[in-house]
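what's the 3D shape of this:
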Amino acid sequence: MIRADRVHLVRTLADIAEQRGVRLQTLLNSKLHQAVEFPEPISAPGARTRLYDGEQIDAYLTGRPVPALPDTDTKLDDDLLDRQECAAVRGVAPRTWDAYKTAPRIAERLVVVAGVEHWPRSTARSTPAPAPRPATAAGGRPARTGDQVPRDQLLARTAPLLDADPGITSAGVVAALGVHRDTAQDALTQLRADRMADLMAADPNLTAQQAARTLHYPPAQTRRATVRAQTVLRARQAAPYLASVGRELHRAGWTSTHTDPTVQHPADDVVAAVILLDGPLAPAPALVWDERAGWRTATSRRHPLGRGAAVPPPSDGTRYLATGTTPHPAVLRDALS
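Model prediction:
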């Protein structure tokens, strides 16, 4: 738990690594945090995100005696508990608390510390349990209803859930947000892959599996994400080239405004990008770039990629342009002309 009035002292292993001037993976490899004399985490036993008291960490790192945490406090009700501790106080399973925490009287007392959800002890102990949820369809949401979260808000609403519980499943997201299980799984895969890619970009020697372990993502929850994380890295590497093509086509007058191409992942292991050609003299409705086959024209602005991730054969409306997957923007412009 986080004792009352000590939130500002909370540190994560990433904070400790930064304090020591090393990368997080370097700290983990050194196993410093597993030393007998290293301060104990203040997070619940087994928590995936380990939290520490900064006063104790500062003392340890400077060779001073590690002070004990206060064991009594007049503000006992203000102690902050994570989901496991709240469940223990309430006498229920952690997954039951996951259902409780969506109730307005509990949700409004939520405090996120270092990416981990906490609630005051008084909230966990005395707030009435929410009413049972309506009967649900097979996908996990209330019957005869659509997703309760707009698609453009889905990642922003799912991210705090993943911060609080790196091992959260699609069922947990369904319970919290009222979306379909497939929608929840896609959001978790995208978020996990993006965060794994961030670590891999910072440390090129890090594999996707190592990045997942660093982030405390269970292997069973990251099979798709480990593949997608490598795809995300390739997409980021291709972004400057794709942007240069977008600028060239705008100079040719084939796009009304310049925006960088929209990168998409029609499959977890494929990078594609789309440029909509909306200029009055545009030679095609849209261009599609596929890392496997390069540039091609598309007949539809609404659905330029078509169905699935297959590379379509040439046809009246689908023409492959130039040679190679990354022709010079001017060469591509001339081929399109």
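
Checking my notes, Ser244 in a helix, right?
Yes: assigned with DSSP: H, G, I helix; E, B strand; the rest coil, Ser244 falls within a helix.

Next up, the contacts around it.
Contact partners of Ser244, counting by Cβ atoms under 8 Å, 6 or more residues apart in numbering, are Pro329. Placement of C-beta: from N, CA and C, glycine included.

Over to Ala225?
Going by Cβ under 8 Å, 6+ apart, Ala225 touches 188-189, 192-193, 196, 208, 212, 217.

hmm, 7 Å instead?
189, 192-193, 196, 212 (Cβ atoms under 7 Å, 6 or more residues apart in numbering).

On the three-state scheme, Leu287 is what?
Leu287 ends up strand, using three-state DSSP.

List phi and psi for Pro219.
Main-chain torsions, Pro219, degrees, to the nearest 10: phi -50, psi -40.

and it, what pLDDT?
Listed pLDDT for Pro219 reads 85.

Could you do Pro104 as well?
78.

Compute the number of surrounding residues for it.
8 (other Cβ atoms under 10 Å).

Among the contacts of Ala225, which one sits closest to Ile168?
Nearest to Ile168 among the contacts of Ala225, counting by Cβ to Cβ, is Arg192 at 10.0 Å.

Ignoring the adjacent residues along the chain, who's closest to that closest one?
Excluding its sequence neighbours, the residue lying closest to Arg192 (Cβ to Cβ, 6 or more residues apart in numbering) is Ala225, at 3.9 Å.

Skipping adjacent residues, who's closest to the residue nearest the centre of the chain in space?
Residue closest to the average C-alpha location in the chain (Cα atoms, centre = their mean): Leu191, at 2.1 Å. Closest residue in space to Leu191, ignoring its immediate chain neighbours: Leu162 at 5.4 Å, by Cβ to Cβ, 6+ apart.

shouldn't the one you found be in contact with Ile168?
Yes: the criterion here is Cβ atoms under 7 Å, and Leu162 meets it with Ile168 at 5.9 Å.

for the stretch 51-200 of the chain, what are the low-confidence residue spans?
In the predicted model, the stretch 51-200 of the chain carries pLDDT under 70 at residues 72-74, 127-149.

for it, what spans make up the helices?
54-61, 83-90, 94-100, 104-107, 121-126, 151-164, 170-177, 181-202 (DSSP state H, counting those that start in this stretch).

ok, residues contacting the fourth one?
Taking Cβ under 7 Å, 6+ apart as the criterion, the residues outside helix 104-107 that touch it are 100-101, 119, 123, 127.

top of those by neighbour count?
Trp119 (25 neighbours).

wait, doesn't that one sit right on Glu108?
No: using Cβ under 7 Å, Trp119 makes no contact with Glu108, being 10.1 Å away.

how much space between the residue nearest to Leu191 and Asp334?
46 Å (Cβ to Cβ, to the nearest Å).

And the strands in this protein, which stretches?
Counting by DSSP state E, the chain has strands at residues 10-12, 51-53, 80-81, 111-113, 116-120, 262-264, 272-276, 286-290, 294-298.

For the residue nearest to Arg192, give me the pLDDT.
Listed pLDDT for Ala225 reads 92.

Asp15 versus that one, what's the distance?
Using Cβ to Cβ, Ala225 is found at 24 Å from Asp15.

tell me which of the contacts of helix 104-107 is nearest to Val173?
Once Cβ to Cβ is applied, the member of the contacts of helix 104-107 that ends up nearest Val173 is Lys101, at 13.0 Å.
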